[in-house]
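Asks: just a sequence and a predicted model for now, questions to come.
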Amino acid sequence: MSNQSENKGWLQRLKEESWEAELLVSAIAIYGSFKLFDIIGWTANFFINVLNPSQYYIGYFITFFGLLAISILASMFVIHFFLRAYWVGLVGLNSVFPDYSIEDSAYSKIYTEKILSILPKLKDSIQKVDELCSVIFSVAFTFLLMYGYIAIFSSLYLLLFNLLSEYVNNFILLIPAFLIVGSLILQSIITAISNLKKNKEKEKLQILNFKIVRFVSMVSFGPFYKSILQVSMIFGSNFKKKKSLAYLMLLFLVSGIIVTSVQIQKTNIFYLIISTKHKFFNEHKTYADYYKDDNKSNSFLLAPEIESSKIDSNVLEIFIPIFKYEEKIREEFCGAFEKDSKDSKLVQREKEAVYLSECYKKYHALSIDGEKIAVDFIRYHNHPRTHQKGLLGYVNIKNIADGLHEIKVEKKGQEYNFLEWTIPFYKISKN
């Protein structure tokens with residue numbers, strides 16, 4: 001009994017003194033969670049570069065929900081920081097002024113009594129705010145485990161699918177995805193039916209629901225499934241006692257959506273969903289992405305880049321990014337490069353360089369004001385700022401009249417252009 005009382009006393013002291021650590025961890029977590037937005041931006045660019053455009057919507061799903069999860073996480077930590085700071089203020093006030101006072105009030109007795117009738121007790125407020133702060137960390141890290149595992153698992157599955165698709169039938173590779181989606185649908189249906197009031201005492205149905213939930217949780221959350229179920233069951237089993245926590249969860253969701261709507265503008269996530277249906281870059285509009293002097297903050301190029309919208313020389317320099325997924329399209333268009341085992345590695349590299357240079361010319365087409373032009377391309381491996389692979393080309397515009405012009409860049413496939421951009425520029429001759 002004495003050991004139990006000592007353990008309870010230690011736990012109680014830990015609860016009472018944990019606020020200092022919570023504030024410190026919360027401040028660090030706010031900084032760390034906002035840094036995670038950079039990872040989402042990098043992931044979106046990675047998917048744009050690697051995935052075939054037909055799979056962009058999967059990349060969009062992964063990055064968008066990852067961004068939403070991090071936004072909710074960041075919102076939780078910010079809300080926690082302010083709530084805990086407010087709690088510290090309430091505790092400080094309570095130590096000086098244990099309760100409201102009518103006799104010592106600076107206002108009239110009638111006014112003071114009326115105001116106090118609509119205000120909660122100070123100790124009640126301290127307890128409620130403390131309860132809210134205490135649960136935020138568990139919820140925050142549960143969200144992180146859930147969405148983090150789902151995002152990583154989905155990304156690995158997608159990359160494995162692409163690696164094995166050349167050797168294994170796509171239908172076989174999709175079987176795990178069908179099983180997971182089917183299990184989730186089945187769980188939703190069985191859970192909804194088993195939670196009906198008339199079915200809560202049906203033992204076989206409840207046991208079936210338990211088995212399905214456990215299986216789906218193991219598949220969905222991997223090694224973290226028990227930790228996630230533990231936290232969710234603590235909330236679920238105490239829902240009737242602490243309904244106010246449900247409103248807190250709603251606040252997290254709303255604030256997370258607001259943060260997501262702000263942060264998504266700083267990434268290329270929209271490219272993953274828009275470019276699967278229609279052109280991301282409208283040929284009747286101009287974009288800062290096209291011009292080197294306007295896109296200096298870009299860490300990833302989605303379009304070709306020229307020096308400026310105003311060209312005052314006789315040569316126009318253009319950089320055309322080459323995405324990783326183009327390798328398969330290039331092989332379909334130009335045929336695969338075949339190595340000769342008799343050649344040395346140096347000779348093989350030289351032959352491959354010639355093959356690539358010729359192929360780039362075949363599936364890249366440039367035109368100015370609708371007239372096709374020849375371009376001298378340099379195999380340019382890395383853009384100096386974004387470090388993307390691409391082609392550096394020079395266009396002779398000496399004989400083009402001063403004024404507004406358009407240069408069109410097309411990446412040709414077997415049946416249609418899989419990418420194309422129209423870049424306006426204004427030529428001015430030097431005096």
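Replies: Sure, I can see it.

Asks: pLDDT weak spots in the stretch 201-350 of the chain?
Replies: By pLDDT under 70, the low-scoring segments of the stretch 201-350 of the chain are 239-246, 276-278.

Asks: quick one: the helices in it?
Replies: Taking DSSP state H, counting those that start in this stretch, the helices of the stretch 201-350 of the chain run over residues 203-221, 225-237, 244-263, 269-274, 326-334, 345-363.

Asks: now the most far-flung residue of the chain relative to its centre: how far from residue 112?
Replies: Computed with Cα atoms, centre = their mean, the residue of the chain farthest from its C-alpha average is residue 103, at 56.9 Å. Relative to residue 112, residue 103 is positioned 9 Å away (Cβ to Cβ, to the nearest Å). In short, each C-beta sits where N, CA and C put it, glycine included.

Asks: and residue 367, by the same measure?
Replies: 81 Å.

Asks: of these two, who's got more company?
Replies: Taking other Cβ atoms under 10 Å, residue 367 and residue 112 do not tie; residue 112 has more neighbours (17 against 14).

Asks: for residue 404, which of the helices of the stretch 201-350 of the chain is the nearest?
Replies: Across the helices of the stretch 201-350 of the chain, residue 404 has its closest neighbour in helix 269-274 (26.9 Å, Cβ to Cβ).

Asks: and that closest one, what's buried?
Replies: For helix 269-274, burial by neighbour count (16 or more other Cβ atoms under 10 Å) applies to 269, 271-273.

Asks: of those, which is the nearest to residue 84?
Replies: Out of the buried residues of helix 269-274, the member with the shortest distance to residue 84 (by Cβ to Cβ) is residue 269, at 32.3 Å.

Asks: show the contacting residues for the closest one.
Replies: Contact analysis of residue 269 by Cβ atoms under 8 Å, 6 or more residues apart in numbering lists 40, 44, 60, 63-64, 67.

Asks: same thing but at 10 Å, please
Replies: Counting by Cβ atoms under 10 Å, 6 or more residues apart in numbering, residue 269 makes contact with 40-41, 43-45, 47-48, 59-60, 62-64, 66-67, 260, 263.

Asks: report the angle between the biggest helix by length in the chain and helix 225-237.
Replies: Assignment by DSSP state H gives helix 122-164 as the longest helix of the chain. Computed with axes from the mean of the first three to the mean of the last three Cα atoms, to 10 degrees, the direction of helix 122-164 lies at 140 degrees from that of helix 225-237.

Asks: any idea of the mean pLDDT for helix 122-164?
Replies: Per-residue pLDDT over helix 122-164 has a mean of 79.

Asks: packing partners for that helix?
Replies: Counting contacts by 3 or more Cβ pairs under 10 Å, 6 or more residues apart in numbering; DSSP states H and E, helix 122-164 is packed against helix 2-17, helix 19-50, helix 56-96, helix 170-194, helix 203-221, helix 225-237, helix 244-263.

Asks: distance from that helix to the middle of the chain?
Replies: 14 Å (Cα atoms, centre = their mean, to the nearest Å).

Asks: now do stretch 418-431
Replies: Taking mean C-alpha positions (Cα atoms, centre = their mean), stretch 418-431 and its chain are 33 Å apart.

Asks: pull the CA atoms of it into CSV?
Replies: Below are the C-alpha coordinates for stretch 418-431, written out as CSV (Å, rounded to 0.1, in the frame of the first residue of the first chain):
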residue,chain,number,x,y,z
PHE,A,418,3.2,15.5,-72.9
LEU,A,419,4.5,19.0,-71.9
GLU,A,420,4.4,22.4,-73.6
TRP,A,421,4.9,26.0,-72.6
THR,A,422,4.5,29.4,-74.4
ILE,A,423,6.8,32.0,-73.0
PRO,A,424,6.3,35.7,-74.0
PHE,A,425,9.3,38.1,-74.2
TYR,A,426,9.9,41.6,-75.5
LYS,A,427,13.0,42.2,-77.7
ILE,A,428,14.8,45.5,-77.6
SER,A,429,17.8,46.2,-79.8
LYS,A,430,20.8,47.9,-78.2
ASN,A,431,21.5,51.4,-79.6
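
Asks: buried sites along it?
Replies: 418-425, 427.

Asks: of these, which one scores lowest on pLDDT?
Replies: Out of the buried residues of stretch 418-431, that is residue 418, at 84.
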